[in-house]
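> any chance you can model this:
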Amino acid sequence: MEQTVERVVPRLRLQVNWRLVGMILAVKVAVLIAGGLIVQLLGSQRLPTLRSWLDIWNAWDAPHYLDLAAYGYQNSGELRLFLVFYPLYPWLIRLAGWPLGDYLLGAFIVSTIASLATGLLMYRLVSLDESPRVAYRAVWFLFILPTAYFLHIGYTESLFLALAFGCLLAARQNQWWLAGLLGAAASLTRVNGLLLLPVLLVEALHQFWLTRRWHWQWLWSGAVVLGFAAYLLLNYRVTGDPFAFSKIVEQHWYKSLTWPWVGIKATITSVATRKPVTVWGIFVPELVFIILSFLATLICAFKLRPAYTVWMALNWLLFTSTSFILSVPRYTLLLFPIAILLARASQRRLWLGLFSLLSIAGLFLFASLFLLKLGGY
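Next up, the predicted model:
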């Protein structure tokens, strides 16, 4: 058992698998082109320039990141509401976009680099437990999940997943100092980054159970909270209140912490009482993804590593433990073990083709809802 955990492994390097890079770029180009065609055919909008093909994705929360990159955090006006968005992603947009004079292009540059890192790091992480074929297919499924377009546009998903995969891979390779620092960067990107702390602790306990040896370097897991602490400091510097973001979320987005069944019950009520367009465009997908992600968490508990189950369960609780549940299809994209389960179930080409077809159909549907302003997810 000791040899299983302590065998010599390569250090955390972003090794380039060109076949994987080609697949990710092909999916990215296909998604962006399909989006333009959707808008032109269904939205009756002309897209005469390359930038206009990118600008159609600058919707819902995406413009807020560009405003933060351009103007920073403010304590007055509409910009004060954007304090709820964590700072690492808009900082990187500013770094990439300022020399070009175009923050939208900067957002796509950051997301493109981060999505490539996401795929490469996920492949290496999954390869520690699975065959190269399963690892490759896991990446494939992650990038064609119904809301996978968020990996390619001006949102935090690709950056966050790249940091999360790097954190978990570093822990698996006994580079706990790096795992802690990457976890801190993840918690400076999204609140979900804080969940990496219990996930790392479970991974450490798993390794202890296998080896019966204590390692002081596991204490580096605590560094994860530094990113969130930096975010609280930002809140304090801008408003004088380190928890100002929570008040904005409650007052402007009507979301407050509560038991999961409260928010789920409200979603079911909305399905039964709202107008059909709103029900089928928003609340039915929310409810379906709540159920599917819960079932996937249960399956994960029997099929994958304990740390992955903890990641699934805590994220599910995070996005359902609110009075107003919203964007569950988007948040489900962070539940990467789902892609591993799909890859495992796709050993035969028939199942690979069937699951791929269904997922791509879902991707087309959700991208259409996003672009046509029918659902932001």
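> thought Cys167 was touching Leu200?
Yes - counting by CB atoms under 8 Å, Leu200 is a contact partner of Cys167 at 7.4 Å. In short, each C-beta sits where N, CA and C put it, glycine included.
> mutual contacts of the two, please.
Here Cys167 and Leu200 have Ala179, Gly180, Gly183, Val224 as joint contacts, going by CB atoms under 8 Å, 6 or more residues apart in numbering.
> out of the residues you listed, who has the most neighbours?
When neighbours are counted by other CB atoms under 10 Å, Gly183 leads the shared contacts of Cys167 and Leu200 with 32 neighbours.
> how about that one, phi and psi?
Backbone torsions for Gly183, taken as degrees, to the nearest 10, come to phi -60, psi -40.
> name the nearest residue to it, ignoring sequence neighbours.
Closest residue to Gly183 in three dimensions, ignoring its sequence neighbours and counting by CB to CB, 6 or more residues apart in numbering: Val224, at 3.6 Å.
> buried residues, stretch 84-91. List them.
By neighbour count on 16 or more other CB atoms under 10 Å, the buried set for stretch 84-91 is Val84, Phe85, Tyr86, Pro87, Leu88, Tyr89, Pro90, Trp91.
> in the stretch 151-300 of the chain, which spans are helices?
Taking DSSP state H, counting those that start in this stretch, the helices of the stretch 151-300 of the chain run over residues 157-172, 176-187, 196-211, 225-239, 244-252, 260-273, 276-278, 284-303.
> Pro146 is nearest to which of the ones you listed?
Distance to Pro146, taken as CB to CB, is lowest for helix 284-303 among the helices of the stretch 151-300 of the chain, at 8.5 Å.
> tilt between that closest one and helix 260-273?
Our comparison of helix 284-303 with helix 260-273, counting by axes from the mean of the first three to the mean of the last three CA atoms, to 10 degrees, yields an angle of 140 degrees.
> and the next element down the chain from helix 284-303?
Toward the C-terminus, helix 284-303 is succeeded by helix 306-320 as the next helix or strand (DSSP states H and E).
> sorry, back to before: so what's the residue nearest to Gly183 up against?
Residues in contact with Val224 (CB under 8 Å, 6+ apart) are Cys167, Gly180, Gly183, Ala184, Ala186, Ser187, Gly193, Leu194, Leu196, Leu197, Leu200.
> how much space between the fourth one and Gly222?
Pointing back at Ala184 there. When CB to CB, to the nearest Å is the yardstick, Ala184 and Gly222 sit 10 Å from each other.
> for Pro99, give me phi and psi.
Pro99 adopts backbone torsions of phi -60, psi -30, taken as degrees, to the nearest 10.
> OK, contacts around Thr278?
By CB under 8 Å, 6+ apart, Thr278 lies in contact with Ser270.
> just Phe245 next, same as before
Taking CB under 8 Å, 6+ apart, we find Phe245 in contact with Leu83, Val84, Tyr231, Asn235.
> again with Phe160
Contacts of Phe160 by CB under 8 Å, 6+ apart are Ala186, Thr189, Arg190, Asn192, Gly193, Leu334.
> for those residues, which one is nearest Ala30?
Each of the contacts of Phe160 was scored against Ala30 by CB to CB, and Leu334 proved nearest at 22.2 Å.
> my read: that closest one touches Leu163, true?
No - in terms of CB under 8 Å, Leu334 does not count as a neighbour of Leu163; the distance is 11.5 Å.
> higher neighbour count, those two?
Regarding Leu334 and Leu163, a neighbour count based on other CB under 10 Å identifies Leu163 as having more, with 29 against 22.
> tell me where the model's unsure across the protein.
Segments of the chain classed as low confidence (criterion: pLDDT under 70) are 1-15, 376.
> and Ala26, what helix or strand is that in?
Counting by DSSP H and E, Ala26 is found in helix 18-42.
> other SSEs contacting that helix?
Packed against helix 18-42 by the contact rule (3 or more CB pairs under 8 Å, 6 or more residues apart in numbering; DSSP states H and E) you find helix 50-55, helix 103-127, helix 132-144, helix 349-371.
> how about a markdown table for those, with mean neighbour count and distance to Ser327 added?
Rendered in a markdown table, the data for the helices and strands packed on helix 18-42 read as follows (neighbours: other CB atoms under 10 Å; distance: least, CB to CB, whole Å):
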| stretch | mean neighbour count | distance to Ser327 |
| --- | --- | --- |
| helix 50-55 | 14 | 22 |
| helix 103-127 | 23 | 18 |
| helix 132-144 | 21 | 18 |
| helix 349-371 | 16 | 11 |
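> any idea which of the ones you listed gets closest to Ala343?
Short answer: helix 132-144, nearest of the helices and strands packed on helix 18-42 by CB to CB, at 3.8 Å.
> for the contacts of Val224, which one is nearest Met23?
Sorting these by distance to Met23 puts Cys167 at the head of the list, at 23.6 Å, by CB to CB.
> next up, the contacts around the closest one.
The neighbours of Cys167, taking CB under 8 Å, 6+ apart as the test, are Ala179, Gly180, Leu182, Gly183, Ala186, Leu196, Leu200, Val224.
> which residue is the nearest non-sequential neighbour of the second one?
It stands for Gly180. Ala223 (3.1 Å).
> and for the one you found, the neighbour number?
A count of nearby residues for Ala223, using other CB under 10 Å, gives 21.
> now the one 5 residues further on
Using other CB under 10 Å, Phe228 has 18 other residues around it.
> Leu317 too?
Look at Leu317: counted by other CB under 10 Å, it has 13 neighbours.
> picking that back up, can I get the helices and strands packed on helix 18-42 in CSV with distance to Ile38?
CSV is the format used below for the helices and strands packed on helix 18-42 (distance: least, CB to CB, whole Å):
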stretch, distance to Ile38
helix 50-55, 11
helix 103-127, 18
helix 132-144, 16
helix 349-371, 5
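> which of these sits closest to Leu66?
Across those, Leu66 has its closest neighbour in helix 103-127 (4.6 Å, CB to CB).
> between helix 157-172 and the closest one, find me the angle.
The directions of helix 103-127 and helix 157-172 differ by 30 degrees, with the same axes, to 10 degrees as the criterion.
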